[in-house]
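Peer 1: show me the folded form of this:
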Amino acid sequence: MCGVSYELFWGDITPKLLQKYTQAYNRRLQDLDSLHHLLGNYIAIGVNNPKKYPKEPYLTEKKQIALKEMSDDQMQQEAKRIAIMFGGEVK
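Peer 2: Numbering: from 1, shown residues only. Next up, the predicted model:
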């Protein structure tokens, strides 16, 4: 029952604690649902179009781009470019 044991539910549990258990249980269900959806995608690709089956899992982290060294002037130009991009003023 919503992630709470029968003994705990009828024992010492406050409504606030019960709400936290319920929220955690709902998050767990959402995670399981996402996992099942992903598994369904893998199966659908594997059955219908095996040539396009991914070589690596979808959720693996991509390698980060190596950061390059920047001079002070380059850093200032980059900051100005970002400020303009977000509608800021460049002084």
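Peer 1: which residue lies nearest the spatial centre of this protein?
Peer 2: Central residue of the chain (CA atoms, centre = their mean): L59, 9.2 Å from the mean position.
Peer 1: and that residue, what does it touch?
Peer 2: L59 makes contact with L38, according to CB atoms under 8 Å, 6 or more residues apart in numbering. Bear in mind the C-beta positions are built from the backbone N, C-alpha and C, glycine included.
Peer 1: that one: what secondary structure?
Peer 2: coil (DSSP: H, G, I helix; E, B strand; the rest coil).
Peer 1: which helix in this protein runs the most residues?
Peer 2: Ranked by number of residues, the top helix in the chain under DSSP state H is helix 15-48.
Peer 1: so how far is that one from its chain's centroid?
Peer 2: From the chain centre to the centre of helix 15-48 is a distance of 13 Å (CA atoms, centre = their mean, to the nearest Å).
Peer 1: now do the buried residues in it.
Peer 2: Neighbour-count burial for helix 15-48, counted by 16 or more other CB atoms under 10 Å, picks out Y21.
Peer 1: just use 94 as the starting number from now, easier for me
Peer 2: Renumbered: residue one is now 94, and that last one reads helix 108-141.
Peer 1: which other helices and strands does whichever helix or strand comes after that helix contact?
Peer 2: On the C-terminal side of helix 108-141, the closest following helix or strand by DSSP states H and E is helix 165-178. The helices and strands touching helix 165-178, judged by 3 or more CB pairs under 8 Å, 6 or more residues apart in numbering; DSSP states H and E, number zero.
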